[in-house]
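**Q** Quick check, what structure comes out for this input:
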Amino acid sequence: MGLKLLSGKDKLKPSKNSWDWLGSGIYFWEQNPTRALDYAVDCANDRQYFNGKIETPFIIGAIIQLGNCLNLVEAGSSEIVKQSYKGLKRWISEEGGKMPRNKRSNRALDCAVIEYVHYTNNKAQIQQYDTVRSAFQEGNRLYAGSNFTERLHLEICVRTESMIKGYFLPLPIEKYNPYYKKFFIKKASKNPIKKG
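**A** Coordinates of the predicted model:
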């Protein structure tokens with residue numbers, strides 16, 4: 001798929017899973033091809049949940065214009081998310097429903113809160129967000145008491161496809177696409193990650 005994408009013969013499909021923590025859209029690691037490759041290799045080896053199948057890990061880079069961005073690393077955006085949480089909780093309570101919960105790698109609550117931001121903006125005829133951007137703590141802490149984690153990264157969820165201005169192959173190819181034109185040997189997974 002990667003080469004088809006680069007040649008314009010294919011498109012990335014938005015993810016619409018209940019565990020997509022920044023809501024529905026096309027996900028990217030910001031300036032982090034190494035993390036993207038780690039994820040692709042983990043998926044190919046069944047160590048990371050992926051709603052698809054990866055035979056050969058391959059990564060691409062993208063040129064993204066943030067547009068109208070719900071940027072959760074900027075002051076003020078956290079208030080939008082807090083208010084969305086309160087509104088979602090009130091609405092679900094009125095309907096007699098049950099609030100979604102985050103459980104391990106299933107971030108159903110975060111997804112529902114972000115989707116509620118988009119829902120209320122749409123209902124109030126407020127300009128929709130093209131992208132959502134946030135820091136994400138992942139992996140083990142680097143040392144006792146640390147807030148730094150092994151896989152700390154920034155993610156961008158693109159909701160408006162036209163914000164993706166182009167794709168490229170990150171260089172050096174040997175570092176970021178070591179399986180390009182090579183046979184990938186899948187390693188047996190002892191602990192596959194499951195959602196839920």
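
**Q** from the chain's centre, how far out does stretch 168-185 sit?
**A** Relative to the centre of its chain, stretch 168-185 is centred 22 Å away, using Cα atoms, centre = their mean, to the nearest Å.

**Q** Residues contacting that stretch, please?
**A** 6, 33-34, 36-37, 44, 55-63 (Cβ atoms under 8 Å, 6 or more residues apart in numbering). C-beta: built from backbone N, CA, C; applies to glycine.

**Q** can you tell me the average pLDDT over it?
**A** For stretch 168-185, the mean pLDDT works out to 90.

**Q** low-scoring pLDDT stretches of this protein, where are they?
**A** For the chain, applying pLDDT under 70 flags the ranges 188-196.

**Q** re earlier: buried subset of the contacts of stretch 168-185 as a ChimeraX selection?
**A** The following ChimeraX line selects those of these that are buried, judged by 16 or more other Cβ atoms under 10 Å:
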select :6,33,36,37,44,57,58,59,60,61,62
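
**Q** So which other helices or strands are in contact with the helix or strand containing residue 90?
**A** Take DSSP states H and E as the rule and residue 90 turns out to sit in helix 77-95. Under the contact criterion of 3 or more Cβ pairs under 8 Å, 6 or more residues apart in numbering; DSSP states H and E, helix 77-95 touches strand 69-71, helix 108-123.

**Q** What strands flank the helix or strand just after that helix, and is each parallel or antiparallel?
**A** Following helix 77-95 in sequence order, the next helix or strand is strand 102-103 (DSSP H and E). Its sheet considered, strand 102-103 pairs with strand 106-107 (antiparallel) by DSSP bridges.

**Q** The contacts of stretch 168-185 in strands, which ones?
**A** Assigned to strands by DSSP state E, the following of those qualify: 61-63.

**Q** Quick check: beta-bridge partners of the most centrally placed residue in the chain?
**A** The centre of the chain sits closest to residue 27, judged by Cα atoms, centre = their mean, with a distance of 4.0 Å. Beta-bridge partners for residue 27, by DSSP bridges, are residue 157.

**Q** can you count the residues close to the nearest residue to residue 98 once chain neighbours are set aside?
**A** Of all residues not flanking residue 98 in the chain, residue 92 sits nearest, at 7.1 Å (Cβ to Cβ, 6 or more residues apart in numbering). Using other Cβ atoms under 10 Å, residue 92 has 15 other residues around it.

**Q** how far away is residue 92 from residue 101?
**A** Counting by Cβ to Cβ, to the nearest Å, the separation of residue 92 from residue 101 is 12 Å.

**Q** same check, this time on residue 51
**A** 20 Å.

**Q** Touching, residue 155 and residue 136? I think so.
**A** Yes. Residue 155 is within contact range of residue 136, at 5.3 Å (criterion: Cβ atoms under 8 Å).

**Q** Mind checking which of those two has more residues around it?
**A** Legend: neighbour count by other Cβ under 10 Å for residue 155 and residue 136, higher for residue 155 (19 against 16).
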